[in-house]
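Participant: Predicted coordinates and the sequence they were generated for:
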Amino acid sequence: MAATGEVVPIDVARRIALTAQGFADPRPSGRVNARHLRKVIERIGVLQVDSVNVVCRSHYLPLFARLGPYARTTLDRMCWGGANRDLFEFFWGHKASLIPVSSYPLFRWRMRAAAEQDWGSPELDPDLTAPWSVVTGMRRLTTERPGYVDDVIALVTKRGPVTAGEASPDGVRRRRTDPDPDPTTGKMWNWQDAKIAIEYLYCSGQVTIAGRRNFERLYDLTDRVLPPKLLSQPEPSADEARRELVRISARALGVATARELCGAGTGHFPLPTATARRVIGELVEAGELVPVRVDGVPQQSYLWSEAEERPIQARALLSPFDTLIWNRDRTHRLFDFFYRISIYTPAAQRVHGYYVLPFLLGDRLVARVDLKADRKNSALVVPTVTAEPGVPESGIVEPLAAELGLMARWLQLDRVQVTADSDLGKALSGA
């Protein structure tokens with residue numbers, strides 16, 4: 001689409017990104033089913049999971065943004081519905097994520113890095129990107145409690161699926177159905193050590209997330225959770241897996257810098273810096289990535305060779321963890337939209353509200369909408385709504401009112417309640 005080194009105008013880059021993310025496609029006119037959900041997830045590569053439930057769990061929102069109303073129970077079955085699930089949960093996607101099971105073999109080299117790590121060594125395998133709490137915890141457990149991890153996996157084998165607290169061999173946090181513990185053991189339950197051990201086993205692929213209880217993870221042996229056909233697939237080499245992960249990122253982003261593709265903490269599927277540079281170079285040499293310059297972006301960008309620029313007529317409220325905007329620097333560059341989630345900001349310092357969703361209209365982010373699902377009073381509450389500078393409020397009111405009404409019905413709330421006292425809020429309340 002663009003020759004090597006060509007400058008891509010920022011508005012073109014923005015439409016390429018939106019097209020890659022599925023916002024150029026109209027929402028289905030009929031009932032949305034698992035096939036529609038599967039297509040979107042395959043396209044964007046990953047759904048980030050977050051525990052905040054102010055509106056609803058975040059992983060539900062990106063699908064609503066692209067498809068409109070759908071049954072959330074359908075996604076639940078796809079995620080945690082037994083051996084026929086479509087998705088598996090892993091934190092080596094993009095933080096805690098739901099990823100298509102077809103991508104599972106692409107992470108085995110990372111699992112192996114965790115399983116083979118010498119925890120007594122000061123050197124870490126560069127492919128090991130486990131949380132630092134797991135790294136430091138495993139180093140301590142290896143020294144202070146040899147055999148502890150073996151005890152945890154034995155307990156999961158016997159009792160799974162279990163929460164992290166229930167996985168402690170020191171005296172398991174009991175479930176209501178469990179018999180009384182042996183009072184002669186004299187052992188105290190140590191949740192922290194059990195958490196470290198179970199997260200290590202999760203990193204190394206020995207256990208996986210079987211489901212959730214009140215959104216708390218339930219861990220079980222991987223071969224009891226994922227289908228045998230998947231686990232018996234030939235494992236690609238580490239290099240093949242890395243290239244495919246960067247391909248998935250490139251298809252999902254359309255045009256992106258190296259950090260956006262696979263940078264540590266910022267990419268779809270993070271890689272060590274030297275590895276990322278090598279893999280991107282290989283895909284450039286193969287013609288799958290085309291080096292370009294995006295107007296106003298100082299870093300080298302890369303265009304996916306099959307990326308398209310299509311007209312965008314989108315209307316969507318975006319989760320703070322949507323793949324379109326989770327990289328805040330990229331969001332700023334593409335949309336001239338400086339965005340930070342405010343749930344960790346002291347109340348007195350919040351500018352736009354607590355749980356603020358950007359409103360996408362056409363190919364621009366035109367407003368910030370603070371939302372809360374008041375389930376007790378069956379209302380979708382809008383405490384604050386702010387138009388972006390230079391965006392006429394009159395053009396926002398009707399489409400935003402329609403999207404809020406659609407979201408309220410999807411969430412099974414009876415009404416939208418706008419309490420924002422700004423001019424836009426008053427106009428929205430009237431609409």
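Facilitator: Cool, the structure landed. Numbering: from 1, shown residues only.
Participant: Just want the most central residue of the protein.
Facilitator: The centre of the chain sits closest to residue 48, judged by C-alpha atoms, centre = their mean, with a distance of 1.2 Å.
Participant: is it true that that one touches residue 324?
Facilitator: No - between residue 48 and residue 324 there is no contact under C-beta atoms under 8 Å: 11.5 Å. Placement of C-beta: from N, CA and C, glycine included.
Participant: circling back: okay, and the beta partners of the residue nearest to the centre of the chain?
Facilitator: Taking DSSP bridges as the rule, residue 48 bridges to residue 97.
Participant: list the contacts for it?
Facilitator: Residue 48 makes contact with 58-59, 93-97, 321, 323, 326, according to C-beta atoms under 8 Å, 6 or more residues apart in numbering.
Participant: Check residue 130 too.
Facilitator: Going by C-beta under 8 Å, 6+ apart, residue 130 touches 114, 199-200, 203.
Participant: per-residue confidence for it?
Facilitator: On pLDDT, residue 130 comes in at 76.
Participant: do the same with the one 3 residues further on
Facilitator: At residue 133 the predicted local distance difference test score is 84.
Participant: do residue 192 as well
Facilitator: Confidence score, pLDDT, at residue 192: 87.
Participant: Name the pair among the contacts of residue 130 with the greatest separation in space.
Facilitator: Greatest spatial distance among the contacts of residue 130 (C-beta to C-beta): 114 and 199, at 9.9 Å.
Participant: For those two, indicate the residue with more neighbours.
Facilitator: residue 114 (25 against 22; other C-beta atoms under 10 Å).
Participant: so the more buried one sits in a helix?
Facilitator: Yes - counting by DSSP: H, G, I helix; E, B strand; the rest coil, residue 114 falls inside a helix.
Participant: Run through the residues that contact it.
Facilitator: Here residue 114 is in contact with 128, 130, 200, 203-205 (criterion: C-beta under 8 Å, 6+ apart).
Participant: give the contact list for the closest residue to residue 111 other than its chain neighbours.
Facilitator: Distances taken as C-beta to C-beta, 6 or more residues apart in numbering place residue 205 nearest to residue 111, at 3.4 Å, with adjacent residues excluded. Residue 205 is in contact with 107-108, 111-112, 114-115, 222, counting by C-beta under 8 Å, 6+ apart.
Participant: again with residue 319
Facilitator: 58, 61-62, 65, 357 are the contacts of residue 319 under C-beta under 8 Å, 6+ apart.
Participant: out of those residues, which are inside helices?
Facilitator: Counting by DSSP state H, the contacts of residue 319 place 61-62, 65 in helices.
Participant: Please identify which helix or strand holds residue 88.
Facilitator: For residue 88, the enclosing helix or strand under DSSP states H and E is strand 87-90.
Participant: That strand packs against which elements?
Facilitator: Counting contacts by 3 or more C-beta pairs under 8 Å, 6 or more residues apart in numbering; DSSP states H and E, strand 87-90 is packed against helix 72-80, strand 97-100, strand 207-213.
Participant: So which of the ones you listed is nearest residue 420?
Facilitator: Comparing the helices and strands packed on strand 87-90 by C-beta to C-beta, helix 72-80 comes nearest, at 26.9 Å.
Participant: If you count neighbours, what's buried in the closest one?
Facilitator: Within helix 72-80, the residues that qualify as buried are 72, 74-75, 77-80, counting by 16 or more other C-beta atoms under 10 Å.
Participant: what's the first-to-last distance across stretch 405-417?
Facilitator: 10 Å (C-alpha to C-alpha, to the nearest Å).
Participant: so how far is it from its chain's centroid?
Facilitator: The chain centroid and the centroid of stretch 405-417 are separated by 24 Å under C-alpha atoms, centre = their mean, to the nearest Å.
Participant: pLDDT (mean, whole number) over that stretch?
Facilitator: For stretch 405-417, the per-residue pLDDT averages 98.
Participant: Residues contacting it, please?
Facilitator: Contacts for stretch 405-417 (C-beta under 8 Å, 6+ apart): 55-56, 64, 68-70, 317, 373-375, 377-382, 401, 404.
Participant: ditto for stretch 23-39
Facilitator: Counting by C-beta under 8 Å, 6+ apart, 15, 18, 63, 66-71, 74-75, 77-78, 86, 100, 308, 310-314, 316, 324, 360 sit against stretch 23-39.
Participant: Type out the ChimeraX command that picks the buried ones from these.
Facilitator: If you want just the buried ones from the contacts of stretch 23-39 in ChimeraX, going by 16+ other C-beta under 10 Å, the selection is:
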select :15,18,63,66,67,68,69,70,74,75,77,78,86,100,312,314,316,324,360
